[in-house]
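A.B. asks: what's the 3D shape of this:
(2 chains)
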Amino acid sequence: MTTPRNFPGEPDVSPELAREFGLADDEWDRVLSTLSRKPSYAELGVISVMWSEHCSYKSSRVHLSRLPTEGPQVVQGPGENAGAVDIGDGFCAVFKMESHNHPSYIEPYQGAATGVGGILRDVFTMGARPVASLNSLRFGRADHPKTPRLLKGVVAGIGGYGNCIGVPTVGGEVQFDASYDGNILVNAFTVGIAKTDELFFGRAEGIGNPIIYVGAKTGRDGIHGATMASAEFGEETDSKLPTVQVGDPFMEKLLLEACLEIFATDCLSGVQDMGAAGLTSSSVEMAARAGNGIELDLDAIPRRTRALSPYEMLLSESQERMLMVAKRGREHEVFDICAKWDLDASIVGRVTASSRFICKATPGYDPFDDAPSKPDPVVVVDLPVDLLTDCAPKYDRPQEPRSETATVVTMTDDAPSNLGAEIVRLIGSPNIGSRSWIWRQYDHIVRDGTVVRPGDGDAAVVRVFCQDADGTREKFLAVSADCNGRHVELDPFFGAAMAVAECTRNVVCVGAKPLGLTDCLNFGNPEVPEQMWRFAQAIDGLAAACTALGAPVVSGNVSFYNETDGKSILPTPTVAVVGQLEDPAHRLGLGFLNEGDVIVHLGRASRGVLGGSEWLVQTMGSVTGAPVGIDLDAEAALQHAMLELAQRQLVESAHDISDGGIAMCLAEACIANGHGARVSLPAGGDAPAHALLFGEEPSRIIVSLPSGNVDEALSVCERLGVPFEALGEVTGDTLAIEGVCEVAVEALAHAHASALDAIVGDQPGESC
Amino acid sequence: MRVAVVQFPGSNADWDALHAVRDVLGADAWYAFHKETSFGEADAVLIPGGFSYGDYLRAGAIARFSPIVSAIREFADRGGPILGICNGFQVLTEMGLLPGALTRNAHLRFECRDIFVRVENEGPFTDMGQGQVLRLPIAHADGRYQCSSETLGQLNANDQVAFRYCTRRGDAPEGSPANPNGAVDDIAGVYNRDKNVLGMMPHPERASEAILGNDDGLRLFQSLRRHLGAE
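C.D. replies: Numbering: from 1, shown residues only, chains lettered A, B, ... in the order given. Alright, predicted model coming up:
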């Protein structure tokens, strides 16, 4: 075996250089003892990126194993490019969510755009056609000087990519909070459809099979992006601009169509996109999953710039690239289809039996030279595959519960005098009001499938066309993404459970049964014991809720080091749920539909706990108060009842109570279709009115239904043990809350529509 | 009725168009790939929305060099009905089959929402009659129709304006967001002089089924079917 060597001009590898590349001192010692030699420069790059938090999950792996990942509907659990759940008739829904937080803060348009591109590739790599995307966004406080530029850039970037490739962006969520001032969150979710027995996996199977590089050429963009994403931000953030990748959605559209066409020929044995850590992680992960080795000929890598070194080719995160393992002798089928779509394709290596990751390249060789020298490659990387995967560092980092105790706020002192004005103010605030400025910049209807559009229901509903030899079947999926980091901050276990509960609740509120969940766990520095404790607690909360509510985790992503200058974001374990409707006639919007319908509160009445609520944060200026908690048995019963009411078509609308409490829930249900309501607050509790109005205790839904259906709906709820209380009726053009206030729906609608104006400027409305 | 749906690299509402005319209307419809030089024996051609060639250079500017374009031009010259939707409209103006150009929306953002248009003149796709108001979705960043005042005069004189943006009640927008992109004279769609080629920014193919909450768009395709005598 030849010892891998540096390319001319590459610096000598030293402990200092290793530290600069992000390796801890004990990790460096481990490299030396495993290899019994010093790594080459390219090898150090490969090891540091594969051992980065982003790629290795070294701080989270011990905890992630506690999440429930099984269920009869689970087709593919965590570990592949995306997870999959069965949707019947031999088809499955393939989905995942991923973060692109750090790049989006540095360069919002490209950071967000490539986040969308990356998650789309994760899904179509599995052989699925993407059918819908969501995003979950967090920005700093609305009046922070950087917020307008970041919001505009991120939204334009998500739209720019998703609109061009033609996958509808059907919804999402956004929150503004001071904790994200220096570290925004951009989490992107995509779901696709595949035939279950035709899923593709990221495995380098078949010794001797050729490895084919397809798609965009390699440049210097994004080198060490994964390492950048595994460190905190400081004052030097702007100097990290070159680590951000640049997206080309047109290239990705070609890649998508070519891939689906190639997959249909069955000439591949494995495929993986080149995402974080590019060529390195895609080849190493494919080799690891199959228990094989890979040998790459770096001289053959298609490139768009001169004089690329092995280190740069291995670590580049240039976008829109795939690595395919073809069945030997069928390479030409890949080349033919790539030619049809005008895509580069090149054999760059082969699968070996060695269980090693070997790369060769010729010093001084550059295909761009007028007369390139003849390739005479030397070994630049020769590492055991498992050193980079299973044997990568894994830590059970120390934990320490949060030190300060939650402030208990005295409610009576700050009770507002004019509750009607307070409701109008709150519905017009950036965290509660209309998001239409955002989703109008997304093509949310392409592919003719969006049957519940953004803003119309608690979740979006898309019709998907499942085509096989028997023809085309229409199926209906509901998707939602949720998390409220404020409740997680006050109690990481219950807060994380609330995120799952809200997300599954949103899905049942549009009439769908939840099938599975993907997570995107955004936290601070895991080396800080208090942050690690938050993470571990949140995992347990997610696990408890996923088990109770029947939503196994099938894929996910962890993003640590969301801190700037030592200040952490709110712990934000975002989740997205995919559900399925038995029949499109079961779908429900959130808005009141018919004058005279009865308005009913499902679930236990509020105790008036304001902890973590939007109202309290606005009033106190910080996230505070006693945590609201959640009773998962009550939540499960509520969701069963809601689903049965929808499936038996007993109700006309459903909207869950979440941000801003019952007051915002009722206001939104009025605004949606311009109906008024006359209601009283649910009975019970001696809390002051404002606490009952704005508290965000979970497990509550407001439905409206014809009076003729009340008895039957009541009996469903009684059978399932769910409190059912009629509050009033849909009527008039005001929201009238007995003994509290009466507000014109028009005033509510106006405030709601202009909620983001303070950030994005006065925008023309859509009313004609 | 036989309909070819042209696929350029980057077309992304090709499925929407095929689905509307084939699965909803019941026509015989197929995709015609841009590298072909013929689209088969079609009675009508649809050029769908999307981002042909990534909208690089200018929306629709590169597509006009595709091999299929000569077949489209020949079909147009023979009087065959052609409908270009959104990016398809942009391609038709770049090909010179329709006058004017589509530029960036006045507010500079991509915008996706329902708008209203008023039928201004009858033609193969608009036999529902002048003054009818349709609700249709838009989804574009470059939809602001522009042309010289001379061209505008000709469009009006020759009854070539197919649709104008309007309010829900059919009134002129008069500076309101009812004109979503700042198009000159509120123009949402235009015919060529012979009125066999129509380009429009709104998406009738995305509003052709009750389950989508709107089937106003189907009326264009029903009009086409009547025009072709294929009822």
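A.B. asks: give me the pLDDT for residue 192.
C.D. replies: Answering for chain A, as no chain was given. With respect to pLDDT, A:Gly192 has a value of 98.
A.B. asks: I was after chain B.
C.D. replies: pLDDT, B:Asn192: 98.
A.B. asks: wait, it sits on B:Ala76?
C.D. replies: Yes: B:Asn192 lies in contact with B:Ala76 (Cβ atoms under 8 Å); the separation is 7.5 Å. For glycine as for every other residue, the C-beta is placed from the backbone atoms N, C-alpha and C.
A.B. asks: list residues touching both of the two?
C.D. replies: Common contacts of B:Asn192 and B:Ala76 (Cβ atoms under 8 Å, 6 or more residues apart in numbering or on different chains): B:Leu97.
A.B. asks: all helices of chain B, in order?
C.D. replies: Here chain B has its helices, by DSSP state H, at B:14-18, B:68-77, B:87-95, B:149-157, B:218-227.
A.B. asks: now these in a markdown table, with mean pLDDT?
C.D. replies: A markdown table is the format used below for the helices of chain B (pLDDT from 0 to 100):
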| stretch | mean pLDDT |
| --- | --- |
| helix B:14-18 | 98 |
| helix B:68-77 | 97 |
| helix B:87-95 | 98 |
| helix B:149-157 | 98 |
| helix B:218-227 | 98 |
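A.B. asks: what's the closest of these to B:His140?
C.D. replies: With Cβ to Cβ as the criterion, B:His140 lies closest to helix B:87-95 of these, at 8.1 Å.
A.B. asks: only C-alpha atoms, please: export the closest one in CSV.
C.D. replies: Provided in CSV are the C-alpha atoms of helix B:87-95 (Å, rounded to 0.1, in the frame of the first residue of the first chain):
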residue,chain,number,x,y,z
ASN,B,87,-43.9,31.0,-19.6
GLY,B,88,-45.6,29.8,-22.8
PHE,B,89,-46.9,33.4,-23.4
GLN,B,90,-43.3,34.6,-22.8
VAL,B,91,-42.0,32.0,-25.4
LEU,B,92,-44.6,33.1,-28.0
THR,B,93,-43.6,36.8,-27.6
GLU,B,94,-39.9,35.9,-27.9
MET,B,95,-40.8,33.8,-31.0
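A.B. asks: quick revisit: go through the helices of chain B and pick out the most buried.
C.D. replies: Greatest average neighbour count among these goes to helix B:87-95 (a mean of 27), per mean count of other Cβ atoms under 10 Å in any protein chain shown.
A.B. asks: and it, what does it pack onto?
C.D. replies: On a contact count with 3 or more Cβ pairs under 8 Å, 6 or more residues apart in numbering or on different chains; DSSP states H and E, helix B:87-95 meets strand B:44-47, helix B:68-77, strand B:82-85, strand B:101-103, strand B:197-200.
A.B. asks: now do it and helix B:68-77, the angle between them.
C.D. replies: Taking axes from the mean of the first three to the mean of the last three Cα atoms, to 10 degrees, helix B:87-95 and helix B:68-77 form an angle of 90 degrees between their directions.
A.B. asks: measure the one residue sitting closest to the centre of chain A to chain B for me?
C.D. replies: Nearest to the mean C-alpha position of chain A, by Cα atoms, centre = their mean, lies A:Met97 at 3.2 Å. As defined by Cβ to the nearest Cβ, to the nearest Å, A:Met97 lies at a distance of 22 Å from chain B.
A.B. asks: kindly report the same for A:Lys394.
C.D. replies: A:Lys394 sits 42 Å away from chain B, taking Cβ to the nearest Cβ as the criterion.
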